[in-house]
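>>> just coords:
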């Protein structure tokens, strides 16, 4: 799963269902609901693959995974919001599953580390994707060969963060490593999550922290549902009022349009495959506001674009709980009236911005953006239409 910044949607691909069937479907999350897409081309059914958003090229990148057969795919696919395209790089990582990927913004590359091949050999190679080709990196230091670890890009520190996983001897690890574009460095935090595997991570841009959830412990006897955040120096355990149930193999991505980390699916300790959706707001109120538009023409219509997109019509429109930021209001054509120019305003927490325009010889329209701060529970579940699998 990865956040598609160009389309302002979280993208989910594949996995397996409750009957163990591999899937090749594509879904997108808009902050409220899941919608299944119908691309002309698509990767084959696969699980234990990795995805990351390539911001330099405006595409979601998918690599590898397991098809539950004798051949692990080593394909590289990119998603453009409509269709999947298979790439043909000159160089490519070896086939693998249970690897991890993250986009290194500072160096404009998708970074891939480790994983497990079909022969259960664990890998500790580092690769970078530049939109056309994979290049193997040669760091002086590197984590031990790993599978089932998790990674996220720490934008505040300009580093990729890696935690946990298991090694070739089956030992589960609780190490924290950071990648600076050239080398891996092991961190020595005072506090740290317990060693684990098959957890998930995402970077919470609004709060400048990497978020870690779930996984399984070194004795394979306890499924975790704890939440930890990384601030670049130390891990801090959070104790939210609400939390997803213990699980492994869940997917996480940060939904920048709505200021929330999104978690989907996984396997619980009873062997059930889950399809619930949760969002994380760290227990800190997310800055939201309300947008109101007034006109004196019932036939008026308008669209509002910004951190979130809305549309309305008539003489009165209001939208509560809108993310703060800059919004542009575009009015649609109305017979007998000249469409006015776009109006732009900034929705700020705790503030009020008014935009008013008197149209000579036509109608009067007014737009108000009211800033406010609304709290929310740390983890909130969405019980809406969603994919039927992990």
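Thanks, I have the structure now. Since the model is a prediction, treat every value here as computed from it, not as a measurement. Residues are numbered from 1 along each chain as shown.

>>> what kind of secondary structure is the nearest residue to residue 260 once chain neighbours are set aside in?
The shortest distance from residue 260 to any non-neighbouring residue, by CB to CB, 6 or more residues apart in numbering, is to residue 279 (4.2 Å). In this view, the C-beta of every residue, glycine as well, is placed from N, C-alpha and C. The local conformation at residue 279, judged by DSSP: H, G, I helix; E, B strand; the rest coil, is strand.

>>> Surely residue 279 touches residue 262?
Yes. Contact criterion CB atoms under 8 Å: residue 279 and residue 262 qualify, at 5.6 Å.

>>> quick one: common contacting residues for these two?
residue 255 (CB atoms under 8 Å, 6 or more residues apart in numbering).

>>> Enumerate the beta-bridge partners assigned to the residue most central in space within the chain.
Residue closest to the average C-alpha location in the chain (CA atoms, centre = their mean): residue 253, at 2.0 Å. Note on residue 253: beta-bridge partners by DSSP bridges are residue 262.

>>> Pretty sure it sits against residue 2.
Yes. Here residue 253 reaches residue 2: they are 5.4 Å apart, a contact under CB under 8 Å.

>>> which neighbours do these two share?
residue 10.

>>> Nearest spatial neighbour of residue 318, chain-adjacent residues omitted?
residue 292 (4.5 Å).

>>> immediately after the helix or strand encompassing the one you found, which helix or strand?
Using DSSP states H and E, residue 292 maps to strand 286-295. Moving toward the C-terminus from strand 286-295, the next helix or strand (DSSP H and E) is strand 301-305.

>>> now that following strand: mean pLDDT?
Mean per-residue pLDDT for strand 301-305: 83.

>>> Identify the residues contacting it?
291, 293, 295, 309-313, 317, 319, 327-332, 334.

>>> Break the protein down into its domains, please.
2-284+377-382, 286-374 (automatic domain parsing).

>>> Pick the most deeply packed of those.
domain 2-284+377-382 (a mean of 19; mean count of other CB atoms under 10 Å).

>>> give me every residue that touches the nearest residue to residue 80 once chain neighbours are set aside.
Leaving out its chain neighbours, the residue that sits closest to residue 80 by CB to CB, 6+ apart is residue 59, at 5.7 Å. Residue 59 is in contact with 6, 53, 78-80, 131, counting by CB under 8 Å, 6+ apart.

>>> got any ranges where the protein has weak pLDDT?
70, 218-220, 282-289, 320-321, 323, 339, 348-390 (pLDDT under 70).

>>> the helices in it, which residues?
With helices called from DSSP state H, the chain shows none.

>>> How much space separates residue 272 from residue 193?
To residue 193, residue 272 is 24 Å away according to CB to CB, to the nearest Å.

>>> now swap in residue 20 and tell me
29 Å.

>>> and what of residue 108?
With CB to CB as the criterion, residue 108 and residue 193 are 30 Å apart.

>>> got it, and residue 302?
Distance from residue 302 to residue 193, counting by CB to CB: 47 Å.

>>> Residue 215 too?
8 Å.

>>> shared neighbours, those two?
164, 199, 224.

>>> Can you show me the strands along the stretch 101-250 of the chain?
109-116, 122-129, 134-136, 150-154, 159-163, 176-179, 184-186, 200-204, 209-216, 223-230, 235-238 (DSSP state E, counting those that start in this stretch).

>>> any chance of those strands in a markdown table, plus distance to residue 248?
Shown next, in a markdown table, are those (distance: least, CB to CB, whole Å):
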| stretch | distance to residue 248 |
| --- | --- |
| strand 109-116 | 15 |
| strand 122-129 | 18 |
| strand 134-136 | 28 |
| strand 150-154 | 11 |
| strand 159-163 | 14 |
| strand 176-179 | 20 |
| strand 184-186 | 24 |
| strand 200-204 | 9 |
| strand 209-216 | 5 |
| strand 223-230 | 6 |
| strand 235-238 | 19 |
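
>>> Right, I'll call it a day here.
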